[in-house]
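Chemist: whatever this is, show me its structure:
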Amino acid sequence: MKKIRIAIIGVGNCASSLLQGISYYSKKKNQKELIGLMHWDIDGYKPYDIEVVAAYDIDKRKVGKDISDAIFELPNCTAIFSKDVPKSGIKVKMGRILDGVSEHMKDYEDRHIFVTSDRKESSKKDVINTLKRSKADMLLNYLPVGSEEATRFYVECALEAGVAFINNIPVFIASDPEWAERFKTKNIPLIGDDIKAQIGATITHRVLTDLFKKRGVKLERTYQLNTGGNTDFLNMLNHKRLASKKLSKTEAVQSVTAKRLEDVNIHIGPSDYVPWQRDNKICFIRMEGKLFGNVPMNIELRLSVEDSPNSAGVAIDSIRCCKLALDRGIGGVLYSPSAYFSKHPPKQFTDDKAHSMLEEFIANKRQS
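Modeler: Numbering: from 1, shown residues only. Predicted coordinates for the structure are as follows:
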């Protein structure tokens, strides 16, 4: 099989887990060792068939370094499960800042949590030329939550370079009809928006909500509270950047309720930054309802996960499905992969239905 050539925006914890995973699974040939994957083989593509051919960041400690070294630089703090990521020869380029940095993050420069590179920012022409020269198949968006302008800048670059786009953050691109139409017109694949973790807060909350519906229990009110200690949670202390994130997570749950809850009865979103948690995310879910005979019941759940490997377990499949679309000449929004891999896809389905649709897409029985 040919390699799947990816470009990355944002060499943070999620990119680190993805690259570590590619290296880790390249050494796992025995089926009994293939823990943590939804698919080992997707139409012939294995996890280790993915390679990075371009990368952008704005942190001084990462820009200019081989990406295999940059993924282990501060402020990255995710679990290291594969130390020997081979040198790629791909140097991290200085990206475009725009709104990719929240103003309050600059207060943390002296604590080495945030250090901006003083190198010249890449222009639109620079990024387009890099994507073309590198022969990237697709561009992955790992910018911080709230990076509206920066995301649109890179989406424009992808469109002009003829490169597919996977939007892993809650800036609405695939679920925006205008952007979706532009990708369809150019016959370029698009997956998004906002990656749904392997076993994370959103997927767990959705499955339980769907369970209530299928078992005839009336859901009356619910909340989901999340804390973490990585730079993503630090970035989200600026509540002005949270609007799309809260909408994405809330709609993911609302879309599988038997009857939509009133706004006052549902609260979902990042709650606080706890530095010592590092990349560990802790989620608290409460669900209150009525079952047989109108008798009340409730569920309290606490979930603790390493946030970035949880994301990478989905990204590694999303990338390969995007490559299938390229191989098959399919452009525009990939509805089946988006529904299964993203919190805020253009069309919401239950996870059971989305899973069936995804398997049909992989088997080439469904176009998108």
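Chemist: longest single helix anywhere in this protein?
Modeler: As assigned by DSSP state H, the longest helix anywhere in the chain is helix 307-328.
Chemist: and the next helix or strand past that one?
Modeler: Tracing the chain past helix 307-328, the next element assigned as helix or strand by DSSP states H and E is strand 332-333.
Chemist: dump the C-alpha coordinates for the helix or strand of the chain with the lowest mean pLDDT into PDB.
Modeler: Every helix and strand of the chain was ranked by mean pLDDT, DSSP states H and E. The lowest is strand 266-273, at a mean of 92. C-alpha atoms of strand 266-273 as PDB (Å, rounded to 0.1, in the frame of the first residue of the first chain):
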ATOM      1  CA  ILE A 266     -28.900  20.400  30.300                       C
ATOM      2  CA  HIS A 267     -25.400  21.600  31.100                       C
ATOM      3  CA  ILE A 268     -22.400  20.300  29.200                       C
ATOM      4  CA  GLY A 269     -19.000  21.800  28.800                       C
ATOM      5  CA  PRO A 270     -15.400  22.200  30.000                       C
ATOM      6  CA  SER A 271     -15.500  23.300  33.600                       C
ATOM      7  CA  ASP A 272     -12.000  24.100  35.000                       C
ATOM      8  CA  TYR A 273      -8.200  23.900  34.600                       C
END
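Chemist: need the residues that contact it.
Modeler: Here strand 266-273 makes contact (C-beta atoms under 8 Å, 6 or more residues apart in numbering) with 205, 221-229, 233-234, 236-237, 242, 245-246, 249-250, 253-254. (C-beta placed from N, C-alpha, C; glycine too.)
Chemist: which PyMOL command selects the buried ones in the residues you listed?
Modeler: Buried residues among the contacts of strand 266-273 (16 or more other C-beta atoms under 10 Å), as a PyMOL selection:
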select buried, resi 205+222+223+224+225+226+227+228+229+233+234+236+242+245+246+249+250+253+254
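Chemist: which residues in the stretch 151-300 of the chain form helices?
Modeler: Per DSSP state H, counting those that start in this stretch, the stretch 151-300 of the chain carries helices over the ranges 177-186, 201-214, 231-235, 243-254.
Chemist: and the last one, how far out from the chain's middle?
Modeler: Spelled out, it's helix 243-254. In terms of C-alpha atoms, centre = their mean, to the nearest Å, the centre of helix 243-254 is set 14 Å apart from its chain centre.
Chemist: that helix vs strand 266-273, what angle?
Modeler: Angle, helix 243-254 to strand 266-273, by axes from the mean of the first three to the mean of the last three C-alpha atoms, to 10 degrees: 140 degrees.
Chemist: how many other residues sit next to residue 140?
Modeler: 27 (other C-beta atoms under 10 Å).
Chemist: which SSE is it in?
Modeler: strand 138-141.
Chemist: flag every buried residue along that strand.
Modeler: Judged by neighbour count using 16+ other C-beta under 10 Å, the buried positions of strand 138-141 are 138, 139, 140, 141.
Chemist: same deal with stretch 357-368?
Modeler: Across stretch 357-368, burial judged by 16+ other C-beta under 10 Å covers 357, 358, 361, 362, 368.
Chemist: what do you get for stretch 267-280?
Modeler: By neighbour count on 16+ other C-beta under 10 Å, the buried set for stretch 267-280 is 267, 268, 269, 270, 271, 273, 277, 278, 279, 280.
Chemist: with stretch 276-296 instead?
Modeler: 277, 278, 279, 280, 281, 282, 283, 285, 287, 288, 289.
Chemist: how much space separates the second one from residue 154?
Modeler: In this structure, residue 278 and residue 154 are separated by 27 Å, where distance is defined by C-beta to C-beta, to the nearest Å.
Chemist: picking that back up, and the buried residues of stretch 276-296 as CSV, adding distance to residue 209 and pLDDT?
Modeler: Output for these, formatted as CSV (distance: C-beta to C-beta, whole Å; pLDDT from 0 to 100):
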residue, distance to residue 209, pLDDT
277, 26, 97
278, 29, 96
279, 26, 98
280, 25, 98
281, 20, 98
282, 20, 98
283, 14, 98
285, 10, 98
287, 7, 98
288, 12, 98
289, 10, 98
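Chemist: mind checking which of these are in strands?
Modeler: 280, 281, 282, 283, 285, 287, 288, 289 (DSSP state E).
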